[in-house]
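1. just to be clear, the model below is a prediction. Sequence and coordinates:
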Amino acid sequence: MSRLLVYCEGATEELFIKDVLAPYLLTANIYAKPIGADGASKYSKIKTELTKLGKNDSQAIITTMFDYYALPNETPGVKNATGSLYEKIQHIESAVNTDLGLPNVFFNLIVHEFEGLLFADTTAFADIANETQLVDLAKIRQKFNSPEHINKSYETAPSRRILGIIQNYSKVLDGTKIAKIIGINKISAECPHFADWVKNISPKEE
């Protein structure tokens with residue numbers, strides 16, 4: 001069985017790995033374990049921890065689950081990333097991988113943040129939202145090419161859009177529950193960059 005360590009930005013991502021992604025990967029004979037980063041305010045911290053993980057456990061594949069939104073400015077590739085959204089993401093990930101220089105470590109960003117993935121199927125909010133709120137969520141999704149494109153500013157990041165409609169939304173508990181309802185296959189179908197990450201982790205038929 002292959003082992004995968006996922007260095008996660010926070011508690012939401014950790015629970016998502018544990019309850020949603022890990023069971024999915026287990027069907028491909030891959031054991032996935034989340035490792036909390038407790039935030040990503042400095043790239044130097046991210047590099048130190050990833051380097052330590054990569055060197056101390058060379059038999060495991062190390063990857064990450066960090067939000068592109070509010071990524072530290074000193075992160076390699078951030079300041080000179082150009083092109084489309086996905087080109088910028090790929091440029092940053094490649095720059096970080098080059099900076100780390102470890103064959104078993106590959107950097108991954110969630111575009112733009114975890115809550116964006118939940119717009120892959122807004123009907124999954126039904127347990128915590130009424131009909132009007134579900135319609136409002138669906139209208140947001142319809143304005144963008146993909147859930148990964150939902151973000152324009154601090155006020156309109158995916159999580160703030162959700163909280164603006166569902167005030168009692170719990171990022172950790174509700175976020176993971178909704179993601180589980182949607183499922184990895186549906187999220188992958190709607191979110192190209194996330195899909196590429198999952199395929200790299202688990203090269204099996206979707």
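-> Sure, I can see it.
2. what's the spatially closest residue to residue 3 that is not a sequence neighbour sitting at in phi/psi?
-> Leaving aside its chain neighbours, residue 3 sits nearest to residue 60 (4.3 Å; criterion: C-beta to C-beta, 6 or more residues apart in numbering). Bear in mind the C-beta positions are built from the backbone N, C-alpha and C, glycine included. Per-residue torsions, residue 60: phi -100, psi 150 (degrees, to the nearest 10).
3. wouldn't residue 60 be in contact with residue 5 here?
-> Yes: contact criterion C-beta atoms under 8 Å: residue 60 and residue 5 qualify, at 5.2 Å.
4. anything in contact with each of the two?
-> residue 53 (C-beta atoms under 8 Å, 6 or more residues apart in numbering).
5. the more surrounded of the two?
-> Using other C-beta atoms under 10 Å, the more surrounded residue of residue 60 and residue 5 is residue 5, with 22 against 17.
6. identify the residues contacting the host helix or strand of the more buried one?
-> Assigned by DSSP states H and E, residue 5 belongs to strand 2-8. Contacts of strand 2-8 with the rest of the structure, by C-beta under 8 Å, 6+ apart, involve 13-14, 17, 21, 25, 29-37, 46, 49-50, 53, 57, 59-66, 201.
7. so residue 17, which state does it fall into?
-> helix (DSSP: H, G, I helix; E, B strand; the rest coil).
8. how about it, nearest residue that isn't a chain neighbour?
-> Nearest residue to residue 17, sequence neighbours excluded (C-beta to C-beta, 6+ apart): residue 34, at 3.8 Å.
9. off-centre distance for the helix or strand harbouring the one you found?
-> Per DSSP H and E, residue 34 falls inside strand 30-36. In terms of C-alpha atoms, centre = their mean, to the nearest Å, the centre of strand 30-36 is set 14 Å apart from its chain centre.
10. how much space between residue 164 and residue 113?
-> 15 Å (C-beta to C-beta, to the nearest Å).
11. please apply the same query to residue 73.
-> 17 Å.
12. great, nothing more from me.
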